[in-house]
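Enquirer: Sequence below, structure please.
(one chain, ligands or ions: 1)
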Amino acid sequence: MSSIETLKERSGGVCELCAATQGLDIYDVSHAPTLDDGEIVICATCKAQLEGEAPLDTDHWRVLGDSMWSGVGAVQVMAYRMLHRLEAQEWARGLLETLYVEPEIESWAQQGMQSTQANEPTLDSNGVLLQGGDSVSIIKDLEVKGAGFTAKRGTVVKNITLTDNPEQIEGRVNGVRIVLLSKFLKKI
Ligand SMILES: [Zn+2]
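Expert: Numbers count the residues shown, from 1 in each chain. As a prediction, this is how the structure comes out:
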């Protein structure tokens, strides 16, 4: 997994979606072929809107006209998904017409767009439906193989990502992106 410093070096110290310089953080783009591939740097403004904590400000996303040409696959995927969400806007449709992405990037982007309907539901320990972007808490101490630490009971994991397996989700614990079993989680 990459550190925020490594990613900032790649991005030139700016949000990879809107080029803002403040409030930068790692964002995990769902359905990445490997966990590392999905990591991008985004700013607090982009993040709040992507996670549904702030209403979608359509004009903010006009910058996708630049960032959709990023050489980073995960950024192309986010641009593709956002432009489809904004398809009601004429400018977004215009950008989509000019956007070209490699077939594998397109199928990665589309997986994230369909996952909530196509797959078996992912349920937490109480049978509550989990969705991408949800926050959960861990209900028992879990040893994280490979990473060499224990994810403690009560740890909150924000902005989870669903996987193709309804028994597993992905999330960031101690700054490390790991796979967690949904049966050991509780939606909060
Ligand atoms: Zn941004």
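Enquirer: going forward, measure contacts between C-alpha atoms and count neighbours the same way
Expert: Noted.
Enquirer: domains in the chain, as residue ranges please.
Expert: 4-115, 122-187 (automatic domain parsing).
Enquirer: got the end-to-end distance for the last one?
Expert: Separation of the first and last residues of domain 122-187 by CA to CA, to the nearest Å is 11 Å.
Enquirer: Check which helices and strands the one helix or strand Arg93 maps to sits against.
Expert: In this structure, Arg93 sits in helix 90-98 according to DSSP states H and E. Judged by 3 or more CA pairs under 8 Å, 6 or more residues apart in numbering; DSSP states H and E, helix 90-98 is in contact with helix 73-85.
Enquirer: quick one: low-confidence parts of the chain?
Expert: Along the chain, the parts satisfying pLDDT under 70 run over 1, 114-119.
Enquirer: Run through the residues that contact the residue nearest the centre of it.
Expert: The structure's the chain has its C-alpha centroid closest to Val29; by CA atoms, centre = their mean the separation is 3.2 Å. By CA atoms under 8 Å, 6 or more residues apart in numbering, Val29 lies in contact with Gly38, Glu39, Ile40, Ala74, Val77, Met78.
Enquirer: you'd agree the first one is up against Asp28?
Expert: Yes. Under the criterion of CA atoms under 8 Å, Gly38 makes contact with Asp28 at 5.3 Å.
Enquirer: What parts of the protein come near the ion?
Expert: Taking CA under 5 Å from the ion as the contact definition, the chain meets the ion at Cys15, Cys18, Cys43, Cys46.
Enquirer: okay, now the closest residue in space to the third one that isn't next to it in sequence: neighbour count?
Expert: This points to Cys43. In space, and not counting its chain neighbours, Cys43 is closest to Leu24: 4.3 Å by CA to CA, 6 or more residues apart in numbering. Neighbour count of Leu24, defined by other CA atoms under 10 Å: 21.
Enquirer: my guess is Leu162 contacts Leu180, does it?
Expert: No. Using CA under 8 Å, Leu162 is not in contact with Leu180, being 10.2 Å away.
Enquirer: any common contacting residues for those two?
Expert: Shared contacts of Leu162 and Leu180, defined by CA under 8 Å, 6+ apart, are found at Gln168, Ile169, Glu170.
Enquirer: Quick one: the helices in the protein, in order.
Expert: Along the chain, the stretches classed as helices by DSSP state H are 4-11, 44-50, 64-67, 73-85, 90-98, 103-118.
Enquirer: If you count neighbours, what's buried in stretch 165-183?
Expert: Neighbour-count burial for stretch 165-183 flags 166-173, 177-183 (criterion: 16 or more other CA atoms under 10 Å).
Enquirer: And the furthest pair within those residues?
Expert: The two members of the buried residues of stretch 165-183 with the most space between them (CA to CA) are Pro166 and Val173, at 19.6 Å.
Enquirer: which residues touch the helix holding Arg93?
Expert: Arg62, Gly65, Tyr80, Leu83, His84, Leu86, Glu87.
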